[in-house]
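S.K.: Pasted the sequence and its predicted model underneath.
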Amino acid sequence: MSWANEFVELSKSRHDRNSFDCGESELNVFIKTQAYKHMQAGISRTLVLPSAQPLLNQKYAICAFYSVTPSSISRETLPLQLAKKLPRYPIPVFLLAQLAVHKEFHGAGLGKVSLIRALRYLWDVNHHMKAYAIVVDYLNDSAQHFYTKFGFEVLCDHNGRTRLFLPMKTVEQLFT
Ligand SMILES: CC(C)(COP(=O)(O)OP(=O)(O)OC[C@H]1O[C@@H](n2cnc3c(N)ncnc32)[C@H](O)[C@@H]1OP(=O)(O)O)[C@@H](O)C(=O)NCCC(=O)NCCS
């Protein structure tokens, strides 16, 4: 199975959510049962990378996906050096809420491609609505290694997970 060129918005009728398996049940359940509902409810947007060819059911397999939503952090969670330049009210950020690759493609560079596309997407949104940073709450140690490889730094504990962040100024250096 090979993948298409572009990430597109998740479609219930075009994308085969049931066959997605990244090896992490929480993310599998999210794409199968919650991602579309969350889009309908207006609380997050999910972009998927479909397979190049349809499956026997005429739907396209999901090779990778990411979900994003606006969020905010408190300045107190940031390193002092950064915090002192910021106001005391909530600081707008983009939350990279989910990112996963079908296990058939693990280790083939698709995680990297997905993360870069997600950062690019958020960088484009940032032209219309500013955010200070991109944050991600990582699922397991393996995911932490993945994100820190790309420059994410530890921010704080959040709902029992570790929250990582990447300042938008760093993202800017990637795309300008
Ligand atoms: C984490 C995940 C997205 C990585 O996807 P992938 O396609 O296997 O990753 P890639 O092949 O693009 O690897 C990109 C880089 O990250 C590194 N990397 C990938 N997985 C890693 C891991 N588990 N631990 C450490 N490094 C890892 C690779 O070595 C590679 O580094 P390189 O560019 O120096 O060679 C994928 O394993 C996955 O979907 N896991 C389950 C869901 C999950 O945990 N998502 C994170 C949610 S918080």
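M.R.: All right, it came through fine.

S.K.: So what's the residue count around residue 58?
M.R.: Here the number of neighbours of residue 58 (other CB atoms under 10 Å) works out to 9. Placement of C-beta: from N, CA and C, glycine included.

S.K.: And the residue of this protein closest to the ligand?
M.R.: Closest to the ligand within the chain is residue 111: 2.2 Å, counting by CB to the nearest ligand atom.

S.K.: give me the number of residues near that residue?
M.R.: Neighbours of residue 111 using other CB under 10 Å come to 21.

S.K.: Now for it: which residues touch it?
M.R.: Going by CB atoms under 8 Å, 6 or more residues apart in numbering, residue 111 touches 64, 99, 101, 146.

S.K.: just checking, it is part of a helix?
M.R.: Yes - assessed with DSSP: H, G, I helix; E, B strand; the rest coil, residue 111 lies in a helix.

S.K.: How confident was the prediction at it?
M.R.: For residue 111, the model assigns a pLDDT of 97.

S.K.: Mind putting the contacts of residue 111 into TSV with pLDDT, secondary structure and distance to residue 9?
M.R.: Shown next, in TSV, are these (pLDDT from 0 to 100; DSSP: H, G, I helix; E, B strand; the rest coil; distance: CB to CB, whole Å):
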residue	pLDDT	secondary structure	distance to residue 9
64	98	strand	14
99	97	strand	16
101	97	strand	18
146	93	helix	24
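
S.K.: would you list every one of the strands in this structure?
M.R.: With DSSP state E as the criterion, the chain has strands at 8-9, 15-16, 45-54, 60-73, 91-101, 133-138, 153-158, 161-167.

S.K.: next one: phi and psi at residue 109?
M.R.: phi 90, psi 0 (degrees, to the nearest 10).

S.K.: which residues sit in contact with the residue in the chain sticking out farthest from the centre?
M.R.: No residue in the chain has its C-alpha farther from the mean C-alpha position than residue 56, which lies at 28.8 Å (CA atoms, centre = their mean). If a contact means CB under 8 Å, 6+ apart, then residue 56 has no contacts.
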